[in-house]
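Student: pasting the sequence and the predicted coordinates here, then a few questions.
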2 protein chains.
Amino acid sequence: MLDQTRLPGEVVHVTLTTWPDVVDAIKAMVIRGAPAIGVAGAMGVALAAHQAAATSSTRQAFDAEMGRAVAELRVARPTAVNLEWAVDRLAGVIADHEGTPQEIAAELAAAARAIHSDEVDRCVAIGHHSLPLFTRGACILTHCNAGALATGGYGTALGVVRAAYEADPSVTVIVDETRPLLQGSRLTAWELAQDGIPYTLISDNMAAMLMSQGRVSHVVVGADRIAANGDVVNKIGTYGVAILAREHGIPFIVAAPTSTLDLTMPSAAEIPVEERAADEVRGLALFGMPAASPDAPVANPAFDRTPARLVTAIITEQGVHRAPYERSLRRAWDDAAH
Amino acid sequence: MLDQTRLPGEVVHVTLTTWPDVVDAIKAMVIRGAPAIGVAGAMGVALAAHQAAATSSTRQAFDAEMGRAVAELRVARPTAVNLEWAVDRLAGVIADHEGTPQEIAAELAAAARAIHSDEVDRCVAIGHHSLPLFTRGACILTHCNAGALATGGYGTALGVVRAAYEADPSVTVIVDETRPLLQGSRLTAWELAQDGIPYTLISDNMAAMLMSQGRVSHVVVGADRIAANGDVVNKIGTYGVAILAREHGIPFIVAAPTSTLDLTMPSAAEIPVEERAADEVRGLALFGMPAASPDAPVANPAFDRTPARLVTAIITEQGVHRAPYERSLRRAWDDAAH
């Protein structure tokens, strides 16, 4: 994995050789982004199978070890549904398979690679579907990182940006830095710089002013989980941006593959939101000086809930969905044949 | 001065012995906050007079040196009107005075001290007027630092918080960290901890979620300049918080002395907004690692404009003002006898 905690300062790849290492990497956000942690979870199951096949003398012993790996991998982080979705998909392969551990391990490796390439294909399709939504010279504000780093390649929200920029080189991007973990300034800005797409970095609280000055034409974000009614759970701050976009008459567009849909959730209210460590908020330094007292009481919800009424469109690899979302998302899910 | 750039890590007082040092301290935000930089500007004029009286052989030489000091001090920062207001007030003392440089210097020293003590008195009056606006157990969100550090003592927005807490110890505070310069996490959290007032620190983009969960009952902020129609220019991010407050039906209250009024400005559109150095946005480190590329293109407006229609009430030392603001603010200005 490319260690995302060390970007943009250092480009460091880490090699993980056991499934508990994969659990730890997901928890520590060495890899993050809903589709990407789904891919990582699937790879973790395949890695577990590779090792369990080598050490298990019976299918029963193999299944027991895989049960442990599946149980821990699927809950390494709670909010993005893609992790559960991908791990459960591979668990289904195990349950349905009557062969030897070696045969199962080989099939899981292929299935994990397929999930990875499918996610990238979905991103490209999302980018393609999004093109009619943009006018010439669009200035797209994005929050967090829903780029290649978050998806295994190309990106959801940044896939939309990439497709828009390929079609119209006058497209520019406003990047929310995205406190607390700064995925915007660390990851999105880095990806855009790699691709030569012009961007302006802002702190999150500048978005409203730029919108009031007509400097934002579209907002495009990814999602960690989308409920059956079109409510969106995404990185903390997304809900605020959605309110600001509506206030200024700016389209608020969510780009996500169907693997991010959770049609078992009637609305976002039922979706769990991870509370992360207080030090993510107070561990900041500005010009080398600490920005908060080490014992400051802190709230640190990692995600928030954006109601469907604030969402102009949801783009999946199946196409562009508009309110009311329920039936359209259901059909996308069915057509994607999950 | 208490060096605010080094809080909360270090409590360091600096002694400034020349007026150009005062200009530099205001520019570098060693002291910041609209009323406080007004006091600092006045003190800078008094300091200039003290030195010019010692070195000038004629009134003409004294006036020339004072002209330079006044011209530089009043524009050390452009957005807060209190700086111009206080410096111009002392310039008026010089213009109206027919005495010797020594006599003028003594009068300016007294006038600067009076501005300081008046600002503190105004804060206490603002806190007193605000009490009827709060219900029991209020949870007050504030943005930036409009505390004792920003005003010379007690505070405007934090004066309101202090008064509310003194009247009802179940009051709690939500502190926006306030990127880019983190006046919330560095200064407001520090002031509240000193006073034992319970608070929770959040990154700016968490405010919307906390509001949606019913965890914010009131928003109280200070102001850098208030136009004749009640539009408010304040720290970047204030406008966004005002939109979020209205979306959630939460009162948005502005606390500022009449020295922050600028009735020559019909609306906020005419008020200049300072653009500060890009490194304030990209100079962050999280857990010791740089958060942005050193050459990332950046926008960094230091303030934004909140239209009067989003402001539930403005509290000055003259009382509580409600929309339409024009006549009420005019009367407050006249009654304050500026």
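Tutor: The structure has been received and is ready for your questions.
Student: do you have the helices of the stretch 151-300 of chain A handy? List them.
Tutor: Applying DSSP state H, counting those that start in this stretch to the stretch 151-300 of chain A gives helices spanning A:157-167, A:183, A:189-195, A:207-212, A:238-247, A:279-282.
Student: which SS class is the residue of chain A positioned farthest from its centre?
Tutor: Among the C-alpha atoms of chain A, the one most distant from their mean position (Cα atoms, centre = their mean) is that of residue A:57, at 37.9 Å. Following DSSP: H, G, I helix; E, B strand; the rest coil, residue A:57 is assigned to coil.
Student: next, residue A:71: secondary structure please.
Tutor: Three-state assignment for residue A:71 (three-state DSSP): helix.
Student: and it, how many neighbours?
Tutor: Counted with other Cβ atoms under 10 Å in any protein chain shown, residues neighbouring residue A:71 total 11. C-beta coordinates here come from the backbone N, C-alpha and C atoms, glycine included.
Student: where does it land on pLDDT?
Tutor: pLDDT, residue A:71: 98.
Student: residues touching it, list them.
Tutor: Going by Cβ atoms under 8 Å, 6 or more residues apart in numbering or on different chains, residue A:71 touches no other residue.
Student: residue B:294: which of the helices of the stretch 151-300 of chain A is closest?
Tutor: Evaluated over the helices of the stretch 151-300 of chain A, closeness to residue B:294 peaks at helix A:189-195, with 11.5 Å, by Cβ to Cβ.
Student: can you give me the buried ones in the closest one?
Tutor: A:189-193 (16 or more other Cβ atoms under 10 Å in any protein chain shown).
Student: same question for stretch A:82-95.
Tutor: A:82-91, A:93-94.
Student: got it, and stretch A:124-141?
Tutor: A:124-130, A:133-134, A:138-141.
Student: distance between the ends of that stretch?
Tutor: Distance across stretch A:124-141, first residue to last, is 20 Å (Cα to Cα, to the nearest Å).
Student: give me the contacts around it.
Tutor: A:154, A:156, A:159-164, A:167-168, A:170-176, A:207, A:210-211, A:215-220, A:241, A:251, A:253, A:255-257, A:313, A:315-320.
Student: can you redo the buried residues of stretch A:82-95 as JSON lines with pLDDT, distance to chain B and secondary structure?
Tutor: Shown next, in JSON lines, are those (pLDDT from 0 to 100; distance: Cβ to the nearest Cβ, whole Å; DSSP: H, G, I helix; E, B strand; the rest coil):
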{"residue": "A:82", "pLDDT": "95", "distance to chain B": "22", "secondary structure": "helix"}
{"residue": "A:83", "pLDDT": "97", "distance to chain B": "22", "secondary structure": "helix"}
{"residue": "A:84", "pLDDT": "96", "distance to chain B": "23", "secondary structure": "helix"}
{"residue": "A:85", "pLDDT": "96", "distance to chain B": "25", "secondary structure": "helix"}
{"residue": "A:86", "pLDDT": "97", "distance to chain B": "27", "secondary structure": "helix"}
{"residue": "A:87", "pLDDT": "98", "distance to chain B": "28", "secondary structure": "helix"}
{"residue": "A:88", "pLDDT": "97", "distance to chain B": "28", "secondary structure": "helix"}
{"residue": "A:89", "pLDDT": "97", "distance to chain B": "31", "secondary structure": "helix"}
{"residue": "A:90", "pLDDT": "97", "distance to chain B": "33", "secondary structure": "helix"}
{"residue": "A:91", "pLDDT": "98", "distance to chain B": "33", "secondary structure": "helix"}
{"residue": "A:93", "pLDDT": "97", "distance to chain B": "37", "secondary structure": "helix"}
{"residue": "A:94", "pLDDT": "97", "distance to chain B": "38", "secondary structure": "helix"}
